[in-house]
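Trainee: Sequence and predicted structure, then a few things I'm wondering about:
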2 protein chains.
Amino acid sequence: MIEGKILTIGEILVEIMATTLGRGFLELQPLIGPFPSGAPAIFIDQVGKLGHPAAIVSAVGDDDFGVLNLERLKRDGVDISAVAIHPGAATGSAFVRYRPDGGRDFVFNMRDSAAGRIVATPEARAVLAEAGHLHVMGSGLPVPAVFAMIRDAIPAIKARGGTVSFDPNIRVEMLRDPAGKAAFQTVLAATDIFLPSGEELSLFSGASDEESAIAALLETGVNEIVLKRGAAGASHFDRNGATHMPGFVVEEIDPTGAGDSFGATFLVARRLGKSIPDALRYANAAGARTVTVKGPMEGTSSFADLDSFIAGAIIKGTA
Amino acid sequence: MIEGKILTIGEILVEIMATTLGRGFLELQPLIGPFPSGAPAIFIDQVGKLGHPAAIVSAVGDDDFGVLNLERLKRDGVDISAVAIHPGAATGSAFVRYRPDGGRDFVFNMRDSAAGRIVATPEARAVLAEAGHLHVMGSGLPVPAVFAMIRDAIPAIKARGGTVSFDPNIRVEMLRDPAGKAAFQTVLAATDIFLPSGEELSLFSGASDEESAIAALLETGVNEIVLKRGAAGASHFDRNGATHMPGFVVEEIDPTGAGDSFGATFLVARRLGKSIPDALRYANAAGARTVTVKGPMEGTSSFADLDSFIAGAIIKGTA
């Protein structure tokens, strides 16, 4: 591990949330927003809040939604020098509505928004050149310029002793596309810390049971796998074995962003020298705090927030 | 005048409205939406509601916001066969918030949305070929393919005895751009019925007082000018003189869409053979009903709605 910023590349969005449960946006309804959002943005905001040097390569439009996001990231300590502001473009957006069964319906403006036009600007090259760790968020890989930047950055970061983490954050359709599948395999082959959610594990290994999937991934050269199990907590796997950490009992208000906050917190804790169990506990706490608050980035945490939450928390199975 | 549909070309949008007064979208706030919107869409919905044959050339994305708009227009009697559905594109959107002074702040997604990609499809050519009247909404003119379609359609419609109306619906910046100014002049030169709002009148004539501006416009070949004065009503000018019609006294909730409903109603009333004073009265009533309802297209009216409104209404200055 080397010093340096944790860097991520990908979409900055606003989220507009329906305040009632139901299906989609086919009728007039009460909404709340704009919330700063985008999986890479939530991740890097959490890194910044923990006091670790952090930067994001992204793009927004020259509108209020871009300003809202940039001000939030800056306030929380993130280097936004490599976020391009595209004149005339719209900042990306996601309308989200929860269904009664916990599923979600979306209306996205991403592909043709500023978030779909992230390119390797001189500012992006500058933050890439000084990064100590690259976190790849799978949601950004369909943007060709984002994948190209990641593909080119990985060997440079590795060559100077840096590390790579990968949160697949994937839709199944993307692995059906040969180019999409190749992009995922390229990143996975360079991944030091892999951070799948439960259901994503089998997509990568082809193995149907957890044990074989983990074994197959360790075989390919991934050093550590952190399996996010949502409310049930998380498990860490490496060549030395497995560490399981139960989740905290909280009332779930809005799960969006929990996985991103979890990943950022695990990563920062490890970079600060904390043990695997401590890092998992902090990461679970960060995820748990996120789900108790409406808005994807509204529940990101400082270490003080996490320590105070853990001190008063109930652990799953002990209540 | 010939029989046939009233046709318009331009943007279909959803509107998302802030429910509190203030400046812009720089912080989290309650919202309501999606409302079907877009000036040409509001106009043509009002034409459809009055029972006149109506069609629109436009484009939406393959998302809930597109479905919402298409279902509304179809329900209200508009031919939507020439509305293209662009796979992967987002339906255009406008976030609007009223300031305490009555001004409005917007966040648009238009240029790179489906609304920015309206092109002359075979379906568009088919509805253009059978239209009896073309209504040009200035807001669509910055899209090159929209202007090209209008420029090509005008001589064809005129050649078969059809007519052209023009609602400038303009931002001052557009007239500063030489191409924008040329587009406006091209349309104005072919306009039979010109429908400016108060402040737009002088933008076109260069004259500072109303009388000279009207005289200059009639001089260039415009047959009729209908000046929209908002709450104060409207005035009609032609070579025979002027007709003034006071507005109706209503409580203004949301003025968006009033001018579009006004224009549609004046036009339909005249095509149905109503006198100038009757057409102005109906148009004022349509505009007044629009402003009493939240949402740009929620207050469009049938003739029965207008007759019942007029029967119970208070006219400005007589209260």
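Mentor: That came through fine. Note that this is a predicted model, so its numbers are computed, not measured.
Trainee: what's the helix or strand for residue A:55?
Mentor: strand A:54-61 (DSSP states H and E).
Trainee: in the helix or strand following that strand, what's buried?
Mentor: Where DSSP H and E defines the elements, the next helix or strand beyond strand A:54-61 is helix A:64-75. Residues of helix A:64-75 classed as buried by neighbour count (16 or more other Cβ atoms under 10 Å in any protein chain shown): A:64, A:65, A:66, A:67, A:68, A:69, A:70, A:72, A:73. In this view, the C-beta of every residue, glycine as well, is placed from N, C-alpha and C.
Trainee: got these as JSON lines, with distance to residue A:267 and pLDDT columns?
Mentor: Compiled in JSON lines, those are given as follows (distance: Cβ to Cβ, whole Å; pLDDT from 0 to 100):
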{"residue": "A:64", "distance to residue A:267": "31", "pLDDT": "98"}
{"residue": "A:65", "distance to residue A:267": "27", "pLDDT": "98"}
{"residue": "A:66", "distance to residue A:267": "26", "pLDDT": "98"}
{"residue": "A:67", "distance to residue A:267": "28", "pLDDT": "98"}
{"residue": "A:68", "distance to residue A:267": "26", "pLDDT": "98"}
{"residue": "A:69", "distance to residue A:267": "21", "pLDDT": "98"}
{"residue": "A:70", "distance to residue A:267": "23", "pLDDT": "98"}
{"residue": "A:72", "distance to residue A:267": "20", "pLDDT": "98"}
{"residue": "A:73", "distance to residue A:267": "17", "pLDDT": "98"}
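Trainee: coming back round to it: give me the sheet partners of the strand holding residue A:55 and which way each runs.
Mentor: strand A:5-9 (parallel), strand A:78-79 (parallel), strand A:83-86 (parallel) (DSSP bridges).
Trainee: winner for burial among those strands?
Mentor: Of all those, strand A:5-9 has the most neighbours on average by mean count of other Cβ atoms under 10 Å in any protein chain shown, namely a mean of 28.
Trainee: If you average the pLDDT over that strand, what comes out?
Mentor: Taken as a whole, strand A:5-9 has a mean pLDDT of 98.
Trainee: Next, see if whatever helix or strand comes next after that strand gets close to chain B.
Mentor: Downstream of strand A:5-9, the next assigned helix or strand under DSSP H and E is strand A:13-18. Yes: Strand A:13-18 is in contact with chain B by Cβ under 8 Å from any Cβ of the partner chain, via residue A:16.
Trainee: now the angle from the helix or strand just after strand A:13-18 to helix A:64-75?
Mentor: The first helix or strand that comes after strand A:13-18 along the chain, using DSSP H and E, is strand A:29-37. Here strand A:29-37 runs at an angle of 40 degrees relative to helix A:64-75 (axes from the mean of the first three to the mean of the last three Cα atoms, to 10 degrees).
Trainee: got the contact list for strand A:29-37?
Mentor: A:12-20, A:22, A:45, A:64-65, A:68-69, A:72-73, A:93-95, A:97, A:256-257, A:294-298, B:16, B:25, B:28-33 (Cβ atoms under 8 Å, 6 or more residues apart in numbering or on different chains).
Trainee: one more time with 7 Å, if that's ok
Mentor: With Cβ atoms under 7 Å, 6 or more residues apart in numbering or on different chains as the test, strand A:29-37 has contacts from A:13-20, A:65, A:68-69, A:72, A:94, A:295-298, B:16, B:25, B:28, B:30-33.
Trainee: buried sites along it?
Mentor: Buried residues in strand A:29-37 (16+ other Cβ under 10 Å): A:29, A:31, A:32, A:33, A:34, A:35, A:36, A:37.
Trainee: How about stretch A:151-161?
Mentor: Buried-residue list, stretch A:151-161, by 16+ other Cβ under 10 Å: A:153, A:154, A:157.
Trainee: And the helices in chain A, which stretches?
Mentor: Chain-ordered helices for chain A, with DSSP state H as the definition, fall at A:39-49, A:64-75, A:122-130, A:144-159, A:172-176, A:178-189, A:201-205, A:210-219, A:258-271, A:276-291, A:303-312.
Trainee: which other helices and strands contact the fourth one?
Mentor: For helix A:144-159, the helices and strands in contact under the criterion 3 or more Cβ pairs under 7 Å, 6 or more residues apart in numbering or on different chains; DSSP states H and E are strand A:5-9, strand A:131-137, helix A:178-189.
Trainee: what is the rounded mean pLDDT of stretch A:268-287?
Mentor: On average, stretch A:268-287 scores 98.
Trainee: Show me the contact partners of it.
Mentor: A:1, A:46-47, A:50, A:52, A:233-234, A:236, A:243, A:245, A:247-248, A:258-259, A:261-262, A:265-266, A:301, A:306, A:309-310, A:313.
Trainee: Over to stretch A:180-188?
Mentor: Outside stretch A:180-188, the residues touching it (Cβ under 7 Å, 6+ apart) are A:136, A:138, A:141, A:142, A:147, A:150, A:151, A:166, A:168, A:174, A:175, A:204.
Trainee: same check, this time on stretch A:208-217
Mentor: By Cβ under 7 Å, 6+ apart, stretch A:208-217 touches A:194, A:201, A:202, A:204, A:205, A:207, A:225, A:237.
Trainee: Quick check, the second one in contact with residue A:226.
Mentor: No: contact status for residue A:201 versus residue A:226: not in contact, 10.9 Å apart, counting by Cβ atoms under 7 Å.
Trainee: Look at those two and report which has more neighbours.
Mentor: Shown here are residue A:201 and residue A:226; by other Cβ atoms under 10 Å in any protein chain shown, residue A:226 has more neighbours (26 against 22).
Trainee: The more buried one and residue A:191, how far apart?
Mentor: Residue A:226 is 11 Å from residue A:191, where distance means Cβ to Cβ, to the nearest Å.
Trainee: what's the closest non-adjacent residue to residue A:293?
Mentor: residue A:299 (3.7 Å; Cβ to Cβ, 6 or more residues apart in numbering or on different chains).
Trainee: can you tell me how far the closest residue to residue A:40 other than its chain neighbours sits from residue A:38?
Mentor: With sequence-adjacent residues excluded and distances taken as Cβ to Cβ, 6+ apart, residue A:40 is closest to residue A:10, at 3.3 Å. The gap separating residue A:10 from residue A:38 is 7 Å, by Cβ to Cβ.
Trainee: More neighbours: which of these two?
Mentor: Counted by other Cβ under 10 Å, residue A:10 and residue A:38 do not tie: residue A:38 has more neighbours, with 32 against 28.
Trainee: Test my guess that the more buried one contacts residue A:13.
Mentor: Yes: counting by Cβ under 7 Å, residue A:13 is a contact partner of residue A:38 at 4.0 Å.
Trainee: tell me, what's touching those two both at once?
Mentor: Common neighbours of residue A:38 and residue A:13 (Cβ under 7 Å, 6+ apart) are A:92, A:115.
Trainee: ok so, going back, reformat the buried residues of stretch A:151-161 as JSON lines; add pLDDT.
Mentor: Output for those, formatted as JSON lines (pLDDT from 0 to 100):
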{"residue": "A:153", "pLDDT": "95"}
{"residue": "A:154", "pLDDT": "96"}
{"residue": "A:157", "pLDDT": "96"}
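Trainee: Please indicate which of the contacts of stretch A:268-287 are buried?
Mentor: A:46-47, A:50, A:52, A:233-234, A:236, A:243, A:245, A:247-248, A:258-259, A:261-262, A:265-266, A:301, A:306, A:309-310, A:313.
Trainee: Spatially, what comes nearest to residue A:83 if we skip its sequence neighbours?
Mentor: Per Cβ to Cβ, 6+ apart, closest to residue A:83 is residue A:58, 4.8 Å.
Trainee: Next up, the contacts around the one you found.
Mentor: Contacts of residue A:58 (Cβ under 7 Å, 6+ apart): A:10, A:11, A:12, A:40, A:41, A:83, A:115, A:118.
Trainee: From residue A:286, how far off is residue A:73?
Mentor: 17 Å.
Trainee: Kindly report the same for residue A:214.
Mentor: Taken as Cβ to Cβ, the span from residue A:214 to residue A:286 is 23 Å.
Trainee: Which one's more surrounded, those two?
Mentor: It is residue A:286, of residue A:214 and residue A:286, that has more neighbours when counted by other Cβ under 10 Å, with 31 against 21.
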